[in-house]
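> Following is a predicted model, sequence given first.
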Amino acid sequence: MPFFHAGPAPRHPGPRRGSLRDGLDLTPGMTVGLFGGSFNPAHDGHAHVAETALRRLGLDRVVWMVSPQNPLKSSAETASLEERMASARKVARLASTGPQMIISDVETRMGTRWTIDTLRALVDRHPGVHFVWLMGSDNLENFHRWRGWTDIMRLMPMAVIARPGSMLDSRNAPAAERFAASRVPPQEARLLAYMPAPAWTYLTAPLNPRSSSAIRAQLKARHQALNPPLRRIQRPGDVLPS
């Protein structure tokens, strides 16, 4: 299947414009968080961001948009799209609260590379859906380096979820300073999806320290421990190179 559903049935029956092309089952009136990333691999830190957004923003769904390849990251250590989709599905199944989550390869389906192009296409294909762009605070620090980042801010509301190690720095990130006047207090977060952009909020929650890079390092160390390099045993008569 192209995506994974977990949760109750949709609350908003109606026309599904665009669903045949992008694989998303969204209907007018829904509030939907868009959570993009490489998910290389997905981990409980990603679930923390998605679940916090579901609960604090009162969203109907969160779409995990698994990117074919993050333009800002090297492809050398990036697992295949299929592996990363499976990783995201596994993590999504651990979520036991909130509305439905969707794991999607929407960027591959639509042939978009940059986030701004993907978001514009989704807004055009799903009129009446109230989208919110989601990200961890670690990504906010470099958000000003994304292509069309100011256009993203002006296209749809954005929610930033605090992550360990970046909470203080990200509040002073260039994007946060540039759009300081558009910041929405956390107590109004449930209204964010209905606000005209630019509008963004910064949400704190019990922090989860896990990261994809840390998990990859752990897996690499475990692999090396289980598969030590072979050493040639010298036997009588062997001649060692000079």
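Looks like it arrived, so ask away.
> Let me know how buried the spatially closest residue to Val106 that is not a sequence neighbour is, in neighbour terms.
Distance criterion Cβ to Cβ, 6 or more residues apart in numbering; nearest residue to Val106, sequence neighbours excluded, is Asp22 at 5.0 Å. The C-beta positions use only the backbone N, C-alpha and C, and glycine is treated the same way. Neighbourhood size, Asp22 [other Cβ atoms under 10 Å]: 23.
> which residues touch Asp22?
104, 106, 109-110, 121-122, 125 (Cβ atoms under 8 Å, 6 or more residues apart in numbering).
> likewise Ala175?
Counted by Cβ under 8 Å, 6+ apart, Ala175 has contacts 140, 143-144, 149, 153.
> Quick check: the gap between Thr204 and Asp151.
27 Å (Cβ to Cβ, to the nearest Å).
> Equivalent analysis for Asp25, please.
Asp25 is 27 Å from Asp151, by Cβ to Cβ.
> Same question for Pro174.
Pro174 is 15 Å from Asp151, by Cβ to Cβ.
> what pairs with the closest residue to Trp200 other than its chain neighbours across the strands?
Distances taken as Cβ to Cβ, 6+ apart put Met158 closest to Trp200, at 4.1 Å, once the chain neighbours are dropped. Judged by DSSP bridges, the bridge partners of Met158 are Trp133, Trp200.
> Met158: neighbour count?
27.
> OK, contacts around it?
Counting by Cβ under 8 Å, 6+ apart, Met158 has contacts 132-135, 152, 197, 199-201.
> residue ranges with poor pLDDT in the chain?
1-20, 70-75, 95-99, 165-169, 207-242 (pLDDT under 70).
> mind listing the helices for it?
19-22, 44-57, 81-93, 106-110, 115-125, 137-140, 149-155, 167-171, 174-178, 212-226 (DSSP state H).
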